[in-house]
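1. Any chance you can model this:
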Amino acid sequence: MFLTIRQKIAALILLASLAVGGILLFLQREVFKVQEYPLVPAADSIMVHVCGAVKKPGVIKTTPGKRKYELIELAGGALPEADLRMINLAAYALDGEQIHLPTKAEVARKGLSPRKSSSRKKLLKPPAKRPKAGQAASLTKLTINWPRNLNKITKAELVAIPGIGPVLAERILEYRRQNGAFGSYADLA
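-> Residues are numbered from 1 along each chain as shown. Coordinates of the predicted model:
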């Protein structure tokens, strides 16, 4: 196979371009850099309403990642007539959540039975470490405090989850608008 001078020059230019491009790709390590998310301050506090059979019912401002038993302690502790079997004391409290601790008489009157482990609040991943007192909230990337309620999560919070981009986040929100509330994280599958 014979090539003309013009074809030989074009082939040499192509080979030289490929060689230079390969070298630049090899030397440029930032091609595989992790994507950073927009600057959004991390939530440094949540508000939880603790009511029912506690000594000091009311709204408590606390740090994210607290368990329900910790919030009952912050509300002065449970009264002797409280039925602690009716709530999952080990569950994480969510921002805006109401924790109602019923009395034993209330449980008997309503014919309620103790809760089994709820699939509605399973964790996607463990919560991040809480900042120590006096530490500023991180502004480098969107930080999500877990667990998150899938029925209240925003598009920005969904996009911050590794593996979920803007298109998938929008599809999740659209599915929620059309089909109603999610029962658990397994409903995303």
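2. Following element in sequence after the worst-scoring helix or strand of the chain on mean pLDDT, please.
-> Every helix and strand in the chain was compared by mean pLDDT, DSSP states H and E; the lowest is helix 155-159, with a mean of 82. Per DSSP states H and E, the first helix or strand lying C-terminal to helix 155-159 is helix 166-179.
3. what sits up against that next one?
-> Residues outside helix 166-179 that contact it (C-beta atoms under 8 Å, 6 or more residues apart in numbering): 150, 151, 155, 158, 159, 164, 182, 188. Any C-beta I mention is one placed from the backbone N, CA and C, and that applies to glycine too.
4. Pull the distance from it to the chain's centre.
-> Between the mean C-alpha location of helix 166-179 and the chain-wide mean there is a distance of 16 Å, by C-alpha atoms, centre = their mean, to the nearest Å.
5. in that helix, what's buried?
-> 169, 172, 176 (16 or more other C-beta atoms under 10 Å).
6. Alpha carbons of the least confident helix or strand of the chain, in PDB - could you do that?
-> Only the C-alpha atoms of helix 155-159 are listed here, as PDB (Å, rounded to 0.1, in the frame of the first residue of the first chain):
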ATOM      1  CA  LYS A 155     -33.100  17.800  45.300                       C
ATOM      2  CA  ALA A 156     -29.800  19.300  46.600                       C
ATOM      3  CA  GLU A 157     -29.600  16.800  49.400                       C
ATOM      4  CA  LEU A 158     -30.300  13.900  47.000                       C
ATOM      5  CA  VAL A 159     -27.600  15.100  44.600                       C
END
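7. elements contacting that helix?
-> helix 166-179 (3 or more C-beta pairs under 8 Å, 6 or more residues apart in numbering; DSSP states H and E).
8. top helix in this structure by residue count?
-> helix 5-27 (DSSP state H).
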